[in-house]
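A.B. asks: Could you look at this predicted model? Sequence included:
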Amino acid sequence: MQPTKAELGWMYRTMVISRRFENAIEKIYMEGKSPVFNMADGPIPGEMHLSDGQEPVAVGVCAHLKPEDIVTATHRPHHQAIAKGVDLKKMAAEIFGKASGLSGGRGGHMHLFDADVNFACSGIIAQGMGPAAGGALSRKLQGKPGVAVSFIGEGAANQGAFHETMNLAALWKLPMICVIEDNAWGISVAKSAATSVQKNHVRAASYGIPGHYISDNDPWKIYEVAGEAIERARAGEGPTLIEIETYRLAGHFMGDAEGYRPEGEKDDLFARDPIPAMRQRLLDEATFNAADLDQMESEAQSGVDEAIQFARESADPAPEDALTAVFA
């Protein structure tokens, strides 16, 4: 199973949109936070977790998904939200805490929710596993089409929610795929210092389901393996566990000094940046020419600029709305 030219164009364009969007957010996030860094200051207060470097995971999986399919993501969700089709303007406004945001500015960047495309994320580790299984179960019981994909980090595979959910998903043969983004670091703790197995995909054997490991952040291989897993789920054959080696080019959060990384690690990761690597392969294989890719990048930047402008110009939430949409 290989992506078509149209799918490759969508994958590349979506990766560029994600990167350009985060580049813009990164710059704006630092406004008002110097010379002394205080995450409460500036137009985007609070923590900010960037997904630059992990874009292949999102596009390789989401290229196979339809609007009725469900995605749950982590505290590092922008690439997956964009790949699932979350409205970029409303997403930007939500990150800015504006009334025009996805949740009226209440959720922020770690709690994006878009019912129109069945996307949600959470700042709680492995929290999306249960809701994804619930969504998959609802589809199965109602005889409706759709699969659920839960993206988690490699550290989340050590949480009870992961094991409990995978056990039930396997037992009930739910149309669910768990995708582990292995970026090697759980905040500042190396995977090797926190996980008893070298690769988490081997844990699939505990639940009697297929497990796959994809190395080197390869969007073509991710597309292939994810496509087979999603087809299997749609056919009623149950869940699949996929772990993908990916790269976190930024710190755990904005302001992270990253003193825990070995010397030279960041230089090596930037040398393997997946976006220029994909661009070069598309050129080498004559899938697109340079003008085609330049146009995609220009269109991506224009869309990001429009979204950021929309967010900046949107109104703040009305004070009297502070207690709406809240359980009493």
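C.D. replies: Looks like it arrived, so ask away. Residues are numbered from 1 along each chain as shown.
A.B. asks: Where do the strands of the stretch 1-150 of the chain begin and end?
C.D. replies: For the stretch 1-150 of the chain, the strands defined by DSSP state E, counting those that start in this stretch cover 70-73, 113-114, 119-121, 148-153.
A.B. asks: The stretch 151-300 of the chain now?
C.D. replies: When assigned using DSSP E, counting those that start in this stretch, the strands of the stretch 151-300 of the chain occupy the ranges 176-182, 185-186, 189-190, 211-214, 240-245.
A.B. asks: hang on, Ile95 packs against Ile25?
C.D. replies: Yes - here Ile95 lies in contact with Ile25, judged by C-beta atoms under 8 Å, at a distance of 6.5 Å. All C-beta atoms are positioned from the backbone trio N, CA, C, and that covers glycine.
A.B. asks: overlap in contacts of the two?
C.D. replies: Taking C-beta atoms under 8 Å, 6 or more residues apart in numbering as the contact rule, Ile95 and Ile25 both touch 44, 109.
A.B. asks: neighbour count winner among the two?
C.D. replies: Legend: neighbour count by other C-beta atoms under 10 Å for Ile95 and Ile25, higher for Ile95 (28 against 23).
A.B. asks: Once you drop chain neighbours, what's closest to that one?
C.D. replies: His109 (4.5 Å; C-beta to C-beta, 6 or more residues apart in numbering).
A.B. asks: Now for the one you found: which residues touch it?
C.D. replies: 25, 44, 46, 48-49, 77-78, 94-95.
A.B. asks: now do Ala318
C.D. replies: With C-beta under 8 Å, 6+ apart, Ala318 has these contacts: Ala99.
A.B. asks: Distance of it relative to Glu224?
C.D. replies: Distance check for Ala318 against Glu224: by C-beta to C-beta, to the nearest Å, it reads 49 Å.
A.B. asks: Ok, Ala133 next?
C.D. replies: 25 Å.
A.B. asks: pLDDT at the closest residue in space to Gly130 that isn't next to it in sequence, what is it?
C.D. replies: In this structure, Gly130 finds its nearest non-sequential neighbour in Thr165, 5.7 Å apart by C-beta to C-beta, 6+ apart. For Thr165, the pLDDT comes out at 97.
A.B. asks: Same check on Arg272?
C.D. replies: Note on Arg272: pLDDT of 94.
A.B. asks: now it, nearest residue through space, not along the chain?
C.D. replies: Tyr247 (6.5 Å).
A.B. asks: just Ala226 next, same as before
C.D. replies: Closest to Ala226 by C-beta to C-beta, 6+ apart is Val61, at 4.3 Å.
A.B. asks: quick one, what contacts that neighbour?
C.D. replies: Per C-beta under 8 Å, 6+ apart, neighbours of Val61: 83, 149, 151, 177, 179, 222, 226, 230.
A.B. asks: mind putting these in a markdown table, distance to Arg19 and neighbour count included?
C.D. replies: Formatted as a markdown table, the contacts of Val61 follow (distance: C-beta to C-beta, whole Å; neighbours: other C-beta atoms under 10 Å):
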| residue | distance to Arg19 | neighbour count |
| --- | --- | --- |
| Ala83 | 12 | 26 |
| Val149 | 21 | 31 |
| Phe151 | 18 | 29 |
| Ile177 | 24 | 28 |
| Val179 | 20 | 26 |
| Ile222 | 17 | 25 |
| Ala226 | 20 | 27 |
| Ile230 | 25 | 21 |
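A.B. asks: more neighbours, Ala133 and Glu224?
C.D. replies: Comparing Ala133 with Glu224 by neighbour count (other C-beta under 10 Å), the higher total belongs to Ala133, at 26 against 17.
A.B. asks: For that one, list the residues it contacts.
C.D. replies: 148, 150, 165, 168-169, 174, 176.
A.B. asks: Please convert those to CSV, extending it with distance to Val189 and neighbour count.
C.D. replies: Below are those laid out as CSV (distance: C-beta to C-beta, whole Å; neighbours: other C-beta under 10 Å):
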residue, distance to Val189, neighbour count
Ala148, 28, 29
Ser150, 22, 31
Thr165, 23, 27
Leu168, 28, 19
Ala169, 27, 28
Leu174, 31, 26
Met176, 27, 32
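A.B. asks: Closest to Gln159 out of these?
C.D. replies: Nearest to Gln159 among those, counting by C-beta to C-beta, is Thr165 at 9.5 Å.
A.B. asks: I figured that closest one was touching Met129, is that so?
C.D. replies: Yes - the pair Thr165 and Met129 passes the contact test of C-beta under 8 Å, sitting 4.0 Å apart.
A.B. asks: Residues in contact with both of these two, list them for me.
C.D. replies: Shared contacts of Thr165 and Met129 (C-beta under 8 Å, 6+ apart): 150, 178.
A.B. asks: contacting residues for the residue nearest to Gly130?
C.D. replies: 129-130, 132-133, 150, 178.
A.B. asks: Provide a list of residues in contact with the spatially most central residue of the chain.
C.D. replies: Nearest residue to the geometric centre of the chain (C-alpha atoms, centre = their mean): Gln80, 3.2 Å. Counting by C-beta under 8 Å, 6+ apart, Gln80 touches 51, 57-58, 62, 71, 73, 119, 121, 151.
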